[in-house]
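In: Predicted model follows, preceded by the sequence.
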Amino acid sequence: MIPSFSVDHRYIVPGIFVSREDQLGREKVTTYDIRVKKPNVEPVIDVAAMHSLEHIIATFLRNDPEWKDEIIYWGPMGCLTGFYLILKGDRPSREIYDLILRAFEDVLTTEEVPGATLKNCGTALMHNLGMAKWYAKEFVEYLKAHAGEKEIFEYPMTERLVTEDGKNFFDS
């Protein structure tokens with residue numbers, strides 16, 4: 001089984017998590033799980049909005065003066081609950097908080113989805129900027145409200161998520 005399938009998705013909350021670290025020759029690379037929706041609980045991100053978020057944030061990341069040389073990949077998760085970001089190096093999740101926050105804030109001021117033309121995109125008609133902004137706003141507000149909580153930076157340990165009466169939070 002691959003490592004990401006061994007994380008109990010019943011307990012993941014939206015946040016920024018180290019999904020895996022790999023050694024590629026002399027370089028270390030880290031895959032981050034940028035989880036926007038709670039798996040199996042919240043509705044997934046609309047496909048057209050996800051596509052627009054992918055274009056906007058990939059463009060932001062690849063043009064950010066501080067980070068552009070560290071970006072390897074930005075793309076959607078197949079389950080439509082978030083994105084994967086692959087960076088050079090092995091920074092903890094907290095160190096990319098500001099980058100992720102700025103990337104999603106950038107969506108809020110974007111007036112046109114970059115690369116959303118028949119010439120530049122394989123599914124150019126499948127974009128929804130309005131919904132992308134809605135999801136981005138929701139995630140920005142969530143990140144700001146929970147910035148000091150370790151739960152948005154570390155994959156959950158199931159024992160953390162029990163109610164006061166000892167029941168599993170998601171099963172009650």
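Out: Thanks, I have the structure now.
In: Just give me the neighbour total for residue 50.
Out: 25 (other CB atoms under 10 Å). To be clear about C-beta, it is placed using only N, CA and C from the backbone, and glycine gets the same treatment.
In: Output the contacting helices and strands for the helix or strand where residue 61 lies.
Out: Assigned by DSSP states H and E, residue 61 belongs to helix 47-63. Helices and strands touching helix 47-63, as assessed by 3 or more CB pairs under 8 Å, 6 or more residues apart in numbering; DSSP states H and E, comprise strand 71-76, strand 82-88, helix 97-109, helix 129-145.
In: ok, residues contacting stretch 58-76?
Out: Residues from elsewhere that reach stretch 58-76 (CB atoms under 8 Å, 6 or more residues apart in numbering): 29, 45, 50-51, 53-54, 57, 82-89, 99, 102-103, 106, 114-115.
In: can you give me the end-to-end distance of that stretch?
Out: Terminal residues of stretch 58-76 are spaced 10 Å apart (CA to CA, to the nearest Å).
In: quick one: low-confidence ranges for this structure?
Out: Applying pLDDT under 70 to the chain flags residues 1-5, 157-172.
In: tell me which residues of stretch 83-94 are tucked away?
Out: By 16 or more other CB atoms under 10 Å, the buried positions in stretch 83-94 come out as 83, 84, 85, 86, 87, 93.
In: Please disregard the earlier target; I meant stretch 112-128.
Out: Within stretch 112-128, the residues scored as buried using 16+ other CB under 10 Å are 113, 116, 121, 127, 128.
In: Restrict stretch 148-155 to CA atoms and write it as CSV.
Out: Output in CSV follows, covering the C-alpha atoms of stretch 148-155 (Å, rounded to 0.1, in the frame of the first residue of the first chain):
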residue,chain,number,x,y,z
GLY,A,148,-2.3,28.3,15.6
GLU,A,149,-3.7,24.7,15.8
LYS,A,150,-1.4,21.8,15.1
GLU,A,151,-4.3,19.7,13.7
ILE,A,152,-4.1,21.7,10.4
PHE,A,153,-0.3,20.9,10.1
GLU,A,154,-0.1,17.2,11.2
TYR,A,155,-2.0,14.2,9.9
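In: what does it contact?
Out: The contact list for stretch 148-155, computed with CB under 8 Å, 6+ apart, reads 7, 12-17, 33, 92-94, 97, 143, 146, 160.
In: Those in helices, which ones?
Out: Among those, the ones falling in helices (DSSP state H) are 97, 143.
In: Appreciated, that's everything.
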